[in-house]
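Chemist: What follows is a protein structure lacking sequence information:
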């Protein structure tokens, strides 16, 4: 007996929900139908990063009469018919293509498509994620009307040609193939076949190329979602043909200004428009006011310029306006708060200016407000208290000062961001008892002080708490462990001390940052098994690394730098096979690098164990670190944002809150620099500097082709520089300084096209510094070659004597006279190069002037006699 699951997406007006129980085809079934009258109201329920398909809310008014129930449940038999044979074969061909890819990749074959089979007793209308038209008439034709294949192919990353069989099912009204990592272009011929299509979701793939014009010839298409791909190109002229379109989302692609112009001019019936995260750079056209039906307008995360056009005032149905993260300028118009239906207003991350004297009328409907970096000055504006429905407020990156306002506690806020201001004082004692529904509280980078309220555990809905870079002190309240939904906790760069709270291993907290406080004692380990980011560096710990760290089986980033840790690097760290980033810089570890690191930490791509007391040789086994060989092609599983759900009256909304992870501080290009977590996924680094490593540089380091930084300076390495380092095709900084290396600099380093810094100073290198390729265009800093015994070349303005076949001069007796010797050598050879040709010409002139030689001109036809050339 099969129960068919139904799917409801953006824009669907559901008239009935049917649960069909069928033992075999053509048998009688009972159909229970609940009639529902739906009043559809299109609203955006997400911040701009959320996929638009979750952006509709519908308000149900259930109506179920007793007679209707009796009729549909007891008296209506229906036949379990199957779809047409050609549609069944199309599905089977699609399944065959999927399983073929699965087999070639040696992945699991437990695909839900296994239940799709060719048996004559198998009704394709009952197959996984297949929906047929629901007709109570046994004589009517049954055809496939919907396919719901979201995420089905995500592990396969197939080409778009895999969809070819599905395009033969011409009766499709709804096609969902989101989040499948499908590559290639959208098939123009295939799309043209789907003349009955009403809803198309192809978002969250890797599609490229342009939007085929045939897509805009589909006469019934109402909902089109292509966001989260790599589409680009010109806008098809046919875009004006599709007058039925109500919702269009092409966010997260590569479209330019022409797309915005075309949409505004041609699709005036749109209710939902999302062009965020593209390459728009124009001013917002005044014609945007002609989109009279628009309910949701998202233009955020582009490069839009100019001011907010006054024509937006004509959009009387507007509920969602997302303009954040552009380059908009000018004063924020107060009329934006006059929209009677406005729910969400996001203006942050622009160059807009807030008029602190503006009078804002109370708005009882505004639910979400972002004025981040909008030039707010003074105390937190009290007019916000008149926004009685507000539950999400972002005032970060302004110039607000004063204490935490008490009137905020009167509001039922579920998300509050006040980071990057100048707020002072301690937090109100009843903050967490009044904010018991708070989901996000971000107060980082202010001047708050004092201890945290002990009742922090009352905020049981808390998911994000960031208090970093303040002056908080005292213990972390033990009640924090009662926040079972906590996912991100950042208390870094304060003065917290005392014992750590011991979290339930089963809670979902993924990000924990307690770095640079005043904690002492042993390294704590009482964290969730779900922890992926653990930063404890910059405290006053003692002893070595505890074995219980191995309980964090999903850990990806571990930072314990600057922590006074001692002992040897433990073998058990290799049991955390998910580790990608390990930072143990500036401790007192001794001994050698455990062999197990190279055999089991295959995902490791950033390793910083510099400034310790490690000894031994740098092993050849580094070539086993696969994470340093292939450039990262997938992002870390560390969540970049959290979708918070809020309930207000009958409406359920979500808002995306970006998570700002701490920068990874590394010794980059001879400076301590922080690498933002936004781009950290593209970096691969190995820093073994400032230890006591000895022996030769292993040639196997050249196999780590993904490295952008390799630093093995300040050790006791000797021998020649391996030519294999010329294979580090992505290297930007290569530091071999302060060792005992000898020989010449390999010519293979000239192949390194990304190289910007090569530091070989303070070694015993000799010979010419290569000046071909990239090494001839790098910044010429002589300090990177200083204190070597015999280097020469234009980089250090020391000529190479072997160019003229002459022996090199002996090295200077002392380093004190080295610079004087170089200058002397330079002027000596300058005299030779100038004096020799001058003397030669003078000698020839004297010889000919005395008549010792005569030159005969060539004979002409008259055989003129020879005449000596007179001086």
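Modeler: Ah, there it is. If you're wondering where the values come from, they're calculated on a predicted model, not measured in any experiment. Numbers count the residues shown, from 1 in each chain.

Chemist: Return the residues in contact with the residue lying closest to residue 796 once chain neighbours are set aside.
Modeler: Residue nearest to residue 796 in three dimensions, not counting chain neighbours: residue 782, with 4.7 Å by CB to CB, 6 or more residues apart in numbering. Quick note: C-beta positions are derived from backbone N, CA and C, even for glycine. For residue 782, the residues meeting the contact criterion (CB atoms under 8 Å, 6 or more residues apart in numbering) are 795-797.

Chemist: Generate a PyMOL selection restricted to the buried entries among the residues you listed.
Modeler: Here the buried members of those are turned into a PyMOL selection, burial being counted by 16 or more other CB atoms under 10 Å:
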select buried, resi 795+796
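
Chemist: close enough to count as contact, residue 445 and residue 417?
Modeler: No. Checked against CB atoms under 8 Å, the pair residue 445 and residue 417 is beyond contact range at 11.4 Å.

Chemist: what about the two, which has more around it?
Modeler: More neighbours sit around residue 417 than around the other of residue 445 and residue 417, counting by other CB atoms under 10 Å; the figures are 23 against 20.

Chemist: Please tell me how far that one sits from residue 327.
Modeler: In this structure, residue 417 and residue 327 are 22 Å apart, going by CB to CB, to the nearest Å.

Chemist: for this structure, what helix or strand is lowest in average pLDDT?
Modeler: Of all the helices and strands that make up the chain, the one with the lowest confidence by mean pLDDT, DSSP states H and E is strand 31-41; it has a mean of 29.

Chemist: Quick check, pLDDT for the residue nearest to residue 796.
Modeler: Residue 782 carries a pLDDT score of 85 in this model.

Chemist: Also residue 503?
Modeler: Note on residue 503: pLDDT of 87.

Chemist: what's the answer for residue 670, then?
Modeler: Reported pLDDT for residue 670: 64.

Chemist: Find the nearest non-adjacent residue to residue 708, please.
Modeler: Setting aside the residues directly before and after it, residue 708 is nearest to residue 732 in space (CB to CB, 6+ apart), at 4.9 Å.

Chemist: Now for the one you found: which residues touch it?
Modeler: Contacts of residue 732 (CB under 8 Å, 6+ apart): 669, 708-709, 754-757.

Chemist: Check residue 185 too.
Modeler: Residues in contact with residue 185, defined by CB under 8 Å, 6+ apart, are 160, 207-210, 212.

Chemist: same check, this time on residue 509
Modeler: Applying CB under 8 Å, 6+ apart, the residues near residue 509 are 486-489, 503, 527-528, 530-531.

Chemist: Residue 110: which of these is nearest?
Modeler: Proximity of those to residue 110 was ranked by CB to CB; the top entry is residue 530 with 24.7 Å.

Chemist: what about that closest one, neighbour count?
Modeler: Neighbours of residue 530 under the rule other CB under 10 Å: 18.

Chemist: Can you say which helix or strand has the spatially closest residue to it that is not a sequence neighbour in it?
Modeler: Distances taken as CB to CB, 6+ apart place residue 508 nearest to residue 530, at 5.0 Å, with adjacent residues excluded. In this structure, residue 508 is located outside every helix and strand according to DSSP states H and E.

Chemist: Check the spacing between residue 508 and residue 459 real quick.
Modeler: Per CB to CB, residue 508 is found 16 Å from residue 459.

Chemist: Then residue 397?
Modeler: If you measure residue 397 against residue 459 using CB to CB, the figure is 24 Å.

Chemist: Who has more neighbours out of the two?
Modeler: The residue with more neighbours, out of residue 397 and residue 459 and counting by other CB under 10 Å, is residue 459; that gives 26 against 20.

Chemist: Do a quick rundown of the helices in this structure.
Modeler: Taking DSSP state H as the test, the helices found in the chain are 66-70, 85-104, 188-192, 257-266, 431-434, 595-600, 818-849.

Chemist: got a list of contacts for the third one?
Modeler: Under the contact criterion CB under 8 Å, 6+ apart, helix 188-192 has outside partners 163-164, 166-167, 212-215, 217-218.

Chemist: got the buried residues for it?
Modeler: Taking 16+ other CB under 10 Å as the criterion, helix 188-192 shows 190-191 as buried.

Chemist: average model confidence for it?
Modeler: The predicted model gives helix 188-192 an average pLDDT of 94.

Chemist: where does the stretch 551-700 of the chain dip in pLDDT?
Modeler: Applying pLDDT under 70 to the stretch 551-700 of the chain picks out residues 632-662, 668-671, 676-680.

Chemist: Please apply the same query to the stretch 701-850 of the chain.
Modeler: Flagging of the stretch 701-850 of the chain using pLDDT under 70 yields the residue ranges 779-780, 802-850.

Chemist: What segments of it are strands?
Modeler: Assigned by DSSP state E, counting those that start in this stretch, the strands in the stretch 701-850 of the chain fall at 709-711, 716-719, 733-735, 740-743, 757-759, 764-768, 790-792.

Chemist: With respect to residue 567, which of the ones you listed lies nearest?
Modeler: By CB to CB (comparing all of the strands of the stretch 701-850 of the chain), the closest turns out to be strand 716-719, at 21.8 Å.

Chemist: Which strands or helices does the closest one pack on?
Modeler: Using 3 or more CB pairs under 8 Å, 6 or more residues apart in numbering; DSSP states H and E as the contact criterion, the neighbours of strand 716-719 among helices and strands are strand 694-695, strand 740-743.

Chemist: Reformat those strands as TSV; add mean neighbour count and distance to residue 404.
Modeler: As requested, those are arranged in TSV below (neighbours: other CB atoms under 10 Å; distance: least, CB to CB, whole Å):
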stretch	mean neighbour count	distance to residue 404
strand 694-695	14	56
strand 740-743	16	58
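
Chemist: Distance to residue 776 added to these, as JSON lines?
Modeler: Conversion of these to JSON lines gives the following (distance: least, CB to CB, whole Å):
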{"stretch": "strand 694-695", "distance to residue 776": "32"}
{"stretch": "strand 740-743", "distance to residue 776": "21"}
